[in-house]
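> got a sequence here, can you build the structure:
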Amino acid sequence: MGQIKLEQRVRYPPFEPGRFAPETLPIATSITEIAANVEPSDVVDYLSKQPPSFQLGTENNWLVEQRYIFENEVFDDSNIKRTNEYVEDREIPRIVKRHRQGWYLTPNPVHKAVRQFMSFSVVVLLLSLAYLFIEPVLSSMGVPSVGTGTVRIGLLDYPTLAIVVVPLLFAPLLFRVAANFVDLVSQRKFLNSAPTDPVIYFEGVPTAGQPLQVNVDIKERPENWKAIEVMWRVGILSPAREEVFAALGRSTASQPPPGLTTSLPHHWEIGLDDGTGGGEESPMEHHEVKGGLFLRPMRVMDFGGRKPWVTETMELESPPNQWPGTVSTSLIRIHWEIIIRIERKKGGSLMYVQPVTVAHPTEPAKIFALPTNDGRTESNQL
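Predicted structure coming up:
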């Protein structure tokens, strides 16, 4: 007789995953005993009543994996014939209740434009410094200098290049402040006249890998609403920071492992995420709304079908990759949600988000390359 253990392995993409080499980051591993004193002949029967294993990603890339171990060896459950889909009955994680449920606004598009303009400003600054460094050499070779003179403003003389470069550096800050002010005003207006929540119900049990049959009843349609679109998507939420530290054998008070930052007390709450996003995730949000009015994208996510809203039953195609159903543990959080996106005449798009409990398929899921996202609100890719 032996033990059956559930092993979860995670190398989750940090904030801005494109800046990291996945193979250099550690894999957080958690092992939990789920059955003891099991005969080898009974393993298949026991696992046939459990959700199938899954491997999302690879050992040398981002990885989210759940598998079974029997007698200290990985048990291949791909040949187990499960007759029914499995629906987990765990409670919805607090991160979903706080950040992925209800009404959400779209950030001012200036935020995204300013971020791109800041990169241009930094390039101009570096080129200017490089030019000033080599300008004496160019002058000694007879090459006329450009921008090295001075311009008098008031009682002081300033380098000509500074008159060009400095405004390029400060302009994005001013535009960002103005965009935050506009966002705060739009949030206040929305809170004073929030619409009634739509009623969403499904035909049958939503299952990974199968189309979603959904009905959406919108009881209120203000005059400034235009097109309405219904979609669903799946993604992987950030693991709980304390769980990652425990899986890596570290104390939360110790130095963070590679890929994680030090804790951010003003933006991070215990159990919500890994704490690496902070103020970069979202523009300034109204303090009266817990979790904010801007929907944070999942750093790993994949879209299913989307269709214009109609009063009849809609069928939304499943995401193209093989995904497992809903998983709600501290280390692995596979999250499904349906989104109602409403175009408005003014104020940008409006979204209503509702979590969906999705059943696991009967066979193990496998994805070779996880679709990653930088985690900023303006990159929601809706």
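> which residues of the stretch 101-250 of the chain fall in helices?
All helices of the stretch 101-250 of the chain, identified by DSSP state H, counting those that start in this stretch, fall at 110-140, 160-192, 241-247.
> ok, now the stretch 251-382 of the chain?
Using DSSP H, counting those that start in this stretch, helices in the stretch 251-382 of the chain do not occur.
> how does this structure divide into domains?
2-75, 94-108+196-379, 112-189 (automatic domain parsing).
> possible to save the ones you listed as a markdown table with mean pLDDT and distance to Y86?
Where C-beta positions appear, they are placed from N, C-alpha and C, glycine not excepted. What follows is the domains of the chain, written out as a markdown table (pLDDT from 0 to 100; distance: least, Cβ to Cβ, whole Å):
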| stretch | mean pLDDT | distance to Y86 |
| --- | --- | --- |
| domain 2-75 | 91 | 4 |
| domain 94-108+196-379 | 88 | 4 |
| domain 112-189 | 82 | 40 |
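> out of those, which is closest to R82?
Proximity to R82 (Cβ to Cβ) singles out domain 94-108+196-379 among those, at 4.2 Å.
> which residue lies nearest the spatial centre of this structure?
Central residue of the chain (Cα atoms, centre = their mean): M298, 1.7 Å from the mean position.
> before we move on, the earlier item: deepest of the helices of the stretch 101-250 of the chain, which one?
helix 241-247 (a mean of 20; mean count of other Cβ atoms under 10 Å).
> mind giving me the packing neighbours of it?
strand 28-38 (3 or more Cβ pairs under 8 Å, 6 or more residues apart in numbering; DSSP states H and E).
> quick one: residues in contact with the helix or strand just after the strand it packs on.
Next along the chain after strand 28-38, taking DSSP states H and E as the criterion, comes helix 43-47. Contacts with helix 43-47, where a contact means Cβ atoms under 8 Å, 6 or more residues apart in numbering, come from I4, A35, V38, Y68, F70, F75, D77, I80.
> residues contacting the fourth one?
Y68 makes contact with I4, K5, L6, E7, L47, Q50, S53, V74, F75, D77, according to Cβ under 8 Å, 6+ apart.
> against P308, how distant is it?
Per Cβ to Cβ, to the nearest Å, Y68 is found 43 Å from P308.
> specify the beta-bridge partners of F303.
Beta-bridge pairing for F303 (DSSP bridges): R233.
> who's in contact with it?
Neighbours of F303 in contact, by Cβ under 8 Å, 6+ apart: M231, W232, R233, P319, Q381.
> the nearest residue to the first one once chain neighbours are set aside: neighbour count?
If I follow you right, that is M231. Spatial nearest neighbour of M231, excluding adjacent residues (Cβ to Cβ, 6 or more residues apart in numbering): R306 at 3.5 Å. Look at R306: counted by other Cβ atoms under 10 Å, it has 16 neighbours.
> just checking, R306 touches R233?
No - here R306 does not reach R233: they are 9.1 Å apart, not a contact under Cβ atoms under 8 Å.
> residues touching I367, list them.
By Cβ under 8 Å, 6+ apart, the neighbours of I367 are Q55, L56, G57, N321, Q322, W323.
> and the gap between it and N321?
With Cβ to Cβ as the criterion, I367 and N321 are 5 Å apart.
> do the same with E7
22 Å.
> how about R188?
40 Å.
> same question, A194
Taken as Cβ to Cβ, the span from A194 to N321 is 35 Å.
> out of those two, which sits in the more crowded spot?
Neighbour count, other Cβ under 10 Å: between A194 and N321, N321 has more, with 16 against 11.
> if we can go back for a sec, what would the contacts of F303 look like in a markdown table with neighbour count?
Formatted as a markdown table, the contacts of F303 follow (neighbours: other Cβ atoms under 10 Å):
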| residue | neighbour count |
| --- | --- |
| M231 | 18 |
| W232 | 22 |
| R233 | 23 |
| P319 | 21 |
| Q381 | 10 |
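> wait, which of those is closest to V124?
Q381 (28.9 Å).
> surely I340 and L316 touch.
No - applying Cβ under 8 Å as the test, I340 and L316 come out as separate, 11.8 Å apart.
> overlap of the contact sets of the two?
Here I340 and L316 have V230 as joint contacts, going by Cβ under 8 Å, 6+ apart.
> about what we covered before: dump the residue contacts of the residue nearest to the centre of the chain.
G235, I236, L237, H335, N373.
> quick one: the last one and P109, what's the gap?
In other words, N373. Distance of N373 to P109, computed by Cβ to Cβ: 18 Å.
> what's the neighbour count on N84?
Counted with other Cβ under 10 Å, N84 comes out at 11.
> surely it forms part of a helix?
No - counting by DSSP: H, G, I helix; E, B strand; the rest coil, N84 is not found in a helix; it is coil.
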